[in-house]
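>>> Okay, here's the prediction I keep looking at, along with the sequence it came from:
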2 protein chains.
Amino acid sequence: MAKRRKVGNLLALSLLSLLAQRPMYPYEMAQTLRVRGKEQNFKINWGSLYTVVANLEKYGFIRESGTGREGRQPERTTYQITEQGFAELRDWLSELLSVPEDERGGFVTALSEAGILPPDEVIGLLTTRLTTLDKDNARKQADLAHWAERLPRALLIEAEYQLAMRVAQAGWLRGVIAEIVDGTMSGVDSWRRMHETGEVPPEFVELDERAMRGWDDEPRHDGADSGHEKDT
Amino acid sequence: MAKRRKVGNLLALSLLSLLAQRPMYPYEMAQTLRVRGKEQNFKINWGSLYTVVANLEKYGFIRESGTGREGRQPERTTYQITEQGFAELRDWLSELLSVPEDERGGFVTALSEAGILPPDEVIGLLTTRLTTLDKDNARKQADLAHWAERLPRALLIEAEYQLAMRVAQAGWLRGVIAEIVDGTMSGVDSWRRMHETGEVPPEFVELDERAMRGWDDEPRHDGADSGHEKDT
DNA sequence: ATGCCTATACTCGTCTACGAGTACTCGTGG
DNA sequence: CCACGAGTACTCGTAGACGAGTATAGGCAT
């Protein structure tokens, strides 16, 4: 994935960020990340951590800056960021901020395969999701408000973003569920019949055939997300 | 990642879906996926394809259903889904549909590290993103409308979802950009000063220290996303 | 009929991700 | 004063992701 970057793991971005502030040794990086509550709730991937550090060094983005034992603890190696590391960090950040990606998550995939399950079950599952989402969002909203009182908002944008996206998802879900329930959405009838009788609705077949023929008469804008193909 | 599933690759979900419709051999699966325009624009990962098929077989989710050479082409192995495969498919879909995940994408990470870049640069990058997003969204909107005329909407939900999320993202971006530009957002001043003078603003330090002490006096709701920890 | 190009269907080897395990150190209670 | 548990800092082996390469078969132009 994203092989364009010499070190393609997002953990590497965080590490570079950390080292841009001060030199650290790997374990310290992990602690700092964890303590900041960054990256999920950091079920730290120790393996990845050291692999990524090694790779960052291999490509010259970071450099050993001393390998001392400080007082007691076992020996440890401190790293600092290099000029190229800084450049990579800036470039990577720039790309991530300026180029929108398509969501690649499990939910999208599942949505597109949801026809496998009978409509009523899907309604139930989506309702569960919606409920959870609403509950979590309320809590996150409160947390965020709490923090906003004692920290500058500039430090909270990513939390605000995540919340905004979840709220939007909840809104969308509410609409879709309603449409499936009341039958406003076209195709739900065939879908339901298919699960009751086992008969494969004709639109599925048509979809496949259309595809097979290469739907040439249709608008194809394939570089959909404004072409961020890997430029090999 | 997601080691709870015996085969944790999302490609596996698509393959199971495919095989739930009819038996296929691996290459055929790839073609069918590609032709349906599923999964990104499918820069097919041939390596993953065969690894995943092998694993699906290893865990009994699919089974060889004949290994014939049909007429001409080189020999090939056809697979069919098993009972357990169906069960896994249903269960996996259910989970993906009902349990909301937090976005783990690059944008979120980049947002949280955006302080590395000077504010004006960030404004520029986010504006670029917004422009691209608006342009793409308009096109996708049109495409979707086009397809909606000749296909049941039930087959288009995942496209609708993706579009809705992108529209929401654009809306959020518009707001945030404005707030950074006009200084409504607190912290932007320190942020700007930091990049002009090199001085590290006190709130960063405070954040770290607070974290170090273990902010015990604050609300910590750690299983944030309604606890979907891997239940080892 | 013969070379060559394309499509088909995989195989293989490398590089990455990751977690379980290791080893060493301090503090503390019995 | 030493057993034990909780940190600290990492190592290593395995499983997975992935792309470049391979091999074979037909089509078709000469």
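Looks like it came in fine.

>>> Now do stretch A:149-159, average pLDDT.
Computed over stretch A:149-159, the mean pLDDT rounds to 91.

>>> What segments of chain A are strands?
A:62-64, A:79-81 (DSSP state E).

>>> Packed most tightly, which of these would that be?
Each of the strands of chain A was scored by mean neighbour count; the highest is strand A:79-81, a mean of 21, by mean count of other CB atoms under 10 Å in any protein chain shown. Heads up, the C-betas are built off the backbone N, CA and C, glycines and all.

>>> got the CA coordinates for stretch A:180-196 in PDB?
Presented in PDB, the C-alpha positions along stretch A:180-196 are these (Å, rounded to 0.1, in the frame of the first residue of the first chain):
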ATOM      1  CA  ILE A 180     -35.200   0.800   3.400                       C
ATOM      2  CA  VAL A 181     -37.900   0.400   5.900                       C
ATOM      3  CA  ASP A 182     -40.600   2.300   4.100                       C
ATOM      4  CA  GLY A 183     -39.600   1.000   0.700                       C
ATOM      5  CA  THR A 184     -38.800   4.400  -0.700                       C
ATOM      6  CA  MET A 185     -35.500   2.900  -1.900                       C
ATOM      7  CA  SER A 186     -35.800   1.200  -5.300                       C
ATOM      8  CA  GLY A 187     -34.700  -2.400  -5.400                       C
ATOM      9  CA  VAL A 188     -35.600  -3.300  -1.900                       C
ATOM     10  CA  ASP A 189     -38.600  -5.300  -3.100                       C
ATOM     11  CA  SER A 190     -36.500  -7.500  -5.400                       C
ATOM     12  CA  TRP A 191     -34.000  -7.800  -2.700                       C
ATOM     13  CA  ARG A 192     -36.600  -9.000  -0.300                       C
ATOM     14  CA  ARG A 193     -38.100 -11.300  -2.800                       C
ATOM     15  CA  MET A 194     -34.800 -12.800  -3.600                       C
ATOM     16  CA  HIS A 195     -34.300 -13.800   0.000                       C
ATOM     17  CA  GLU A 196     -37.800 -15.200   0.300                       C
END
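
>>> Counting neighbours, which bits of it end up buried?
For stretch A:180-196, burial by neighbour count (16 or more other CB atoms under 10 Å in any protein chain shown) applies to A:180, A:185-188, A:190-192, A:194-195.

>>> cool, and stretch A:165-172?
Within stretch A:165-172, the residues that qualify as buried are A:165-170, A:172, counting by 16+ other CB under 10 Å.

>>> Report how many residues lie close to the residue lying closest to residue A:192 once chain neighbours are set aside.
Leaving aside its sequence neighbours, residue A:192 sits nearest to residue A:119 (CB to CB, 6 or more residues apart in numbering or on different chains; 5.1 Å). Counted with other CB atoms under 10 Å in any protein chain shown, residues neighbouring residue A:119 total 21.

>>> close enough to count as contact, residue A:119 and residue A:179?
No. With contact defined as CB atoms under 8 Å, residue A:119 does not reach residue A:179; the gap is 11.3 Å.

>>> residues contacting the nearest residue in space to residue A:176 that is not next to it in sequence?
Distance criterion CB to CB, 6+ apart; nearest residue to residue A:176, sequence neighbours excluded, is residue B:157 at 6.6 Å. Neighbour list for residue B:157: A:111-112, A:114, A:176 [criterion: CB atoms under 8 Å, 6 or more residues apart in numbering or on different chains].

>>> any idea how far residue B:157 is from residue B:99?
Distance, residue B:157 to residue B:99, using CB to CB, to the nearest Å: 18 Å.

>>> For chain A, name the helix or strand with the lowest mean pLDDT.
The helix or strand of chain A with the lowest confidence, counting by mean pLDDT, DSSP states H and E, is helix A:202-213 at a mean of 55.
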